[in-house]
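> Using only what follows, build the 3D model:
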Amino acid sequence: MKLAELASNNQPPKPSGEPKIEAKMKVKTWPALHMLSVDFPKAFVDELNTFIDEVIIPSDKDYSHSLVGQVRQDEKSKQLMFPMDEHEFAVEFKKILDSCATNYIQQAYKKQSHAETYDAWTVHSYAGDYNPRHSHGVATSAGLSSLMWLKVPDSIKNMKSSEGESSSLHRASGIIDGWTQFTWGLNSSQDLFRLKCQSQEAVHPVEGKLLVWPNWLDHEVFPFFTEGERRTFVANFNIFDSMQEKEKYSNVLKEHNKHRKELSS
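Numbering: from 1, shown residues only. Got it, this is the predicted structure:
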């Protein structure tokens, strides 16, 4: 088989009397981002909203001093602390969150580690409120952040562009008003035509959807300009590596533990 035949098209090469050349091909991809998505049932979302209405909002523990969110356009615009250890419902909710985050770390990153909720809050946004581009901090070297949409105004749920194309930003459609934008690189939309990978995504809010991502990921929330509350629950997680995981990155630690095992045997 001639080399020209191998590169000519994607059709199987024709047999010939010439010596065969075997060329093994594969495409290797280096992932830039893993994000967990979990869809909770409406009954649970209703229960969580009731807890927020009856406990979190009346407590009115302002958390805006620790946040960059510009949530102030309405008298009901708030960013409120969500204590994870003061109420039975919150304690049980924390167990669910920790389980989701730990499974994400172990499956997506193959790490022998576990995640624990570090802090949490609710964001109550109204017309004109927004959140500038930012990332979150945690207390450990690696960490996770998350959000869960709990209330989405009908205007955001049902928005369509004037052409009826749900993804079109043309003609001042307002299609991504109230959406959350994630950015993990510097590539522009034009770079897609130059074979550079996507590095940003605007996500449509859906009630009951939880997203979990590495805490270094930049994100922002676009404002909306219609009636209704856009409510989200937000949490950060610390990541704690097991001894087996730590040994992967430290030969000194690995040798130290090996020596301790030999002494104790």
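> Give the other helices and strands that the longest helix seen in the chain contacts.
Using DSSP state H to define each element, the chain has its longest helix at helix 88-108. Contact analysis of helix 88-108 by 3 or more CB pairs under 8 Å, 6 or more residues apart in numbering; DSSP states H and E lists strand 36-39, helix 42-51, strand 113-125, strand 143-151, strand 209-214, strand 230-241 as its packing neighbours. C-betas here are computed from N, CA, C, even on glycine.
> quick check: mean pLDDT across stretch 75-84?
Average pLDDT, stretch 75-84: 97.
> Could you do stretch 114-131 as well?
97.
> mind listing what's buried in that stretch?
Residues of stretch 114-131 classed as buried by neighbour count (16 or more other CB atoms under 10 Å): 114-127, 129-131.
> coming back round to it: state the mean pLDDT of the longest helix of the chain.
Computed over helix 88-108, the average pLDDT equals 97.
> residues in contact with it?
With CB atoms under 8 Å, 6 or more residues apart in numbering as the test, helix 88-108 has contacts from 34, 36, 38, 47-48, 51, 55, 82-85, 111-117, 144, 146, 210, 212, 235, 237, 239.
> Let's verify His136: helix, strand, or coil?
Classification of His136 by DSSP: H, G, I helix; E, B strand; the rest coil places it in coil.
> just Ile56 next, same as before
What three-state DSSP gives for Ile56 is helix.
> swap in Ile21?
coil.
> Could you report the neighbour count for it?
Ile21 sits with 11 neighbouring residues when counted by other CB atoms under 10 Å.
> And the helices in the stretch 151-265 of the chain?
Applying DSSP state H, counting those that start in this stretch to the stretch 151-265 of the chain gives helices spanning 154-158, 243-247, 251-264.
> How about Asn131, nearest residue that isn't a chain neighbour?
Spatial nearest neighbour of Asn131, chain neighbours left out: Val221 (3.8 Å); criterion: CB to CB, 6 or more residues apart in numbering.
> Now do that neighbour against Ser125, distance only.
Distance, Val221 to Ser125, using CB to CB, to the nearest Å: 7 Å.
> and for those two, which residues touch both?
With CB under 8 Å, 6+ apart, Val221 and Ser125 have common neighbours 69, 178.
> So which of the helices and strands packed on helix 88-108 is nearest His170?
strand 230-241 (24.1 Å; CB to CB).
> same for that closest one, what does it pack against?
By 3+ CB pairs under 8 Å, 6+ apart, strand 230-241 packs against helix 88-108, strand 113-125, strand 143-151.
> Am I right that Val234 is in contact with Thr122?
Yes: if you go by CB atoms under 8 Å, Val234 and Thr122 touch, sitting 7.3 Å apart.
> Show the pLDDT at Leu263.
So Leu263 comes in at 66 (pLDDT).
> ditto for Glu22
Glu22 is assigned a pLDDT of 84 by the prediction.
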